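Trainee: Coordinates for the following, if possible.
(chains A and B)
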Protein chains: 2
Amino acid sequence: MYRYKITFAYDGTNFSGFQIQPNKRTVEQTLKNAVNKIAKHPTPAIPVIGSGRTDAGVHAINQVAHFDIPYHLSNESMRKALNSILPLDILIKKAELVDNDFHARYSAHRKTYRYRVDQGEFVNPFKRNYTAHFKYPLDLQKMKVAAKDLIGTHDFTSFVASGSQAKSNVRTIEDIIIKRDKIRNEVVFDFTGNGFLYNQVRIMVAFLLEVGSGQRPVDDVCKVLAAKDRTLARMTAPASGLYLVNVDYGTNGEKD
Amino acid sequence: MYRYKITFAYDGTNFSGFQIQPNKRTVEQTLKNAVNKIAKHPTPAIPVIGSGRTDAGVHAINQVAHFDIPYHLSNESMRKALNSILPLDILIKKAELVDNDFHARYSAHRKTYRYRVDQGEFVNPFKRNYTAHFKYPLDLQKMKVAAKDLIGTHDFTSFVASGSQAKSNVRTIEDIIIKRDKIRNEVVFDFTGNGFLYNQVRIMVAFLLEVGSGQRPVDDVCKVLAAKDRTLARMTAPASGLYLVNVDYGTNGEKD
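Mentor: You can find the predicted model right below:
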């Protein structure tokens, strides 16, 4: 068997998320169909292991997965074969033959998620599936101060959705970068950490938007973290603004 | 009756074009439903008259239409009322009470269409519905020289699709601007004229792409125009790259 690592983008708009669900169009199922077609439909079917799930409507710039296949193809042939089968809302950017101990999920060191907030007066029809809309002025300085308190190793129980099945809610956020994109009239958040809980990024974004628009004090983060109470963070920003932008393996040609 | 002019954007991806067709989701039908809801569903139903049709998948940044309604609302109330009813892929940018002799179609002096060509190596999943994809290098200078021969008053029979019902194929193109957008890695065409035939812009774009990529000589335009033969222009660029960006009425607060 040959193990391939694939790095791919998808527009999450028309997918019911990454994970396979019966009778739903999912990224995992779509990839699995393509891989099994290339492998001439073996029994049992070859699974495709992603670095992690994304929810319905969430996008990816560089998601990663791996699979084992009984045929050897050059990296470029594998990339082209997959792209020729896949629909246009998934694009394989890279396919690499990797060691059999590479695992898309367990080998991941850190992930970066981006969140795009459109600041236009109205919902832009062309951005409705690709950003969240928030028309109120945002004080970036306030959000940056609040974000600093989220960085580090914390119990993020106050920032996890009720559906989470994580055993521990302790995670480490390495960095949060908040920038204004003047050309697009957006505010863009980049979160890098060793892992994120269910809806954690979207809950943190909604929290920071409350801080930036003056609905919540700048020093609220420590209090809410300490309370370990989900009801205090209240809101969840919509899926449409969220992008998985990088999964870092620290090796394998990836930047550390 | 009060006549309102509306200026609106739409993402054409999920519409079967502008014009009403039975059992299809169209821009005209969607607008008509909203206007008649505001007018409390009179009989006969109030029609909505657009400046012209756009095909399935074609977008608009500033399309214009008018309708007559038995109630007077402030411009801002009309805009808000429509937006509160319309789906998010149509956005009313402006509503204006206008004279009863204003006609969205017959009062139009000129229109501007934009065409976006993405030059990435692969189809970008996020741009698949919003650009055409053309990966081969384009010589802008060559396209600009060829475009000059399209400007002016010509019989565009060689550049009209077979479904056209126009009585005359003579139209005037006032300007063609071709620019490279380095940030987006796109080439963008802006066509301004007193009217365009069925698929004319998309056929001209495909022609210019052939010139820009060296598949057709720069001085081919005059020959093809003179031949009045549609088979010479051959290709039609896809609907996804096309945007109606402006309808100019020369009055009514619009720039001339």
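Trainee: Near chain B, which residues of chain A are found?
Mentor: Within reach of chain B by Cβ under 8 Å from any Cβ of the partner chain, chain A has these residues: A:9-11, A:59, A:83, A:88-91, A:93, A:122-126, A:128, A:130, A:183. For glycine as for every other residue, the C-beta is placed from the backbone atoms N, C-alpha and C.
Trainee: Sort out for me which of the residues you listed are in strands.
Mentor: Among the residues of chain A next to chain B, the members found in strands (DSSP state E) are A:9-10, A:59, A:90-91, A:93.
Trainee: Tabulate those residues in CSV, adding columns for neighbour count and pLDDT.
Mentor: Listed next are those as CSV, based on neighbours: other Cβ atoms under 10 Å in any protein chain shown; pLDDT from 0 to 100:
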residue, neighbour count, pLDDT
A:9, 21, 98
A:10, 26, 98
A:59, 26, 98
A:90, 21, 98
A:91, 24, 98
A:93, 15, 97
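Trainee: which of the residues you listed lies closest to residue A:232?
Mentor: Distance to residue A:232 across these (Cβ to Cβ) is lowest for residue A:59, with 28.4 Å.
Trainee: dump the residue contacts of the closest one.
Mentor: A:9-13, A:130, A:242-244, B:126 (Cβ atoms under 8 Å, 6 or more residues apart in numbering or on different chains).
Trainee: if we go to 6 Å?
Mentor: By Cβ atoms under 6 Å, 6 or more residues apart in numbering or on different chains, the contact set of residue A:59 is A:11-12, A:243.
Trainee: got it, and residue A:166?
Mentor: Residue A:166 neighbours (Cβ under 6 Å, 6+ apart): residue A:197.
Trainee: likewise residue A:13?
Mentor: For residue A:13, counting by Cβ under 6 Å, 6+ apart, the contacting residues are residue A:129.
Trainee: Are we agreed that it is in a helix?
Mentor: Yes - under DSSP: H, G, I helix; E, B strand; the rest coil, residue A:13 falls within a helix.
Trainee: Settle this for me: residue A:98 is touching residue A:3, isn't it.
Mentor: Yes - applying Cβ atoms under 6 Å, one finds residue A:98 in contact with residue A:3, separated by 5.4 Å.
Trainee: Which strand or helix spans residue A:192?
Mentor: Per DSSP states H and E: residue A:192 is located in strand A:186-193.
Trainee: strands paired with that strand, and their directions?
Mentor: strand A:110-118 (antiparallel), strand A:170-181 (antiparallel) (DSSP bridges).
Trainee: Pretty sure residue A:239 sits against residue A:58.
Mentor: Yes - at 4.9 Å, residue A:239 and residue A:58 qualify as touching, with contact defined as Cβ under 6 Å.
Trainee: the more surrounded of those two?
Mentor: Each of residue A:239 and residue A:58 has its neighbours counted (other Cβ atoms under 10 Å in any protein chain shown); residue A:58 has more, 25 against 19.
Trainee: can you list the contacts of residue A:59 in TSV and add pLDDT?
Mentor: Putting those into TSV (pLDDT from 0 to 100) gives the following:
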residue	pLDDT
A:11	98
A:12	98
A:243	98
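Trainee: in the stretch 151-256 of chain A, what residue is nearest chain B?
Mentor: residue A:183 (7.2 Å; Cβ to the nearest Cβ).
Trainee: outside of the strand holding residue A:192, which residues touch it?
Mentor: Counting by Cβ under 6 Å, 6+ apart, A:110, A:112-118, A:138, A:171-181, A:201, A:205 sit against strand A:186-193.
Trainee: In ChimeraX, select just the buried ones from these.
Mentor: In ChimeraX, this line selects whichever of the contacts of strand A:186-193 come out buried by 16 or more other Cβ atoms under 10 Å in any protein chain shown:
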select /A:110,112,113,114,115,116,117,118,138,171,173,176,178,201,205
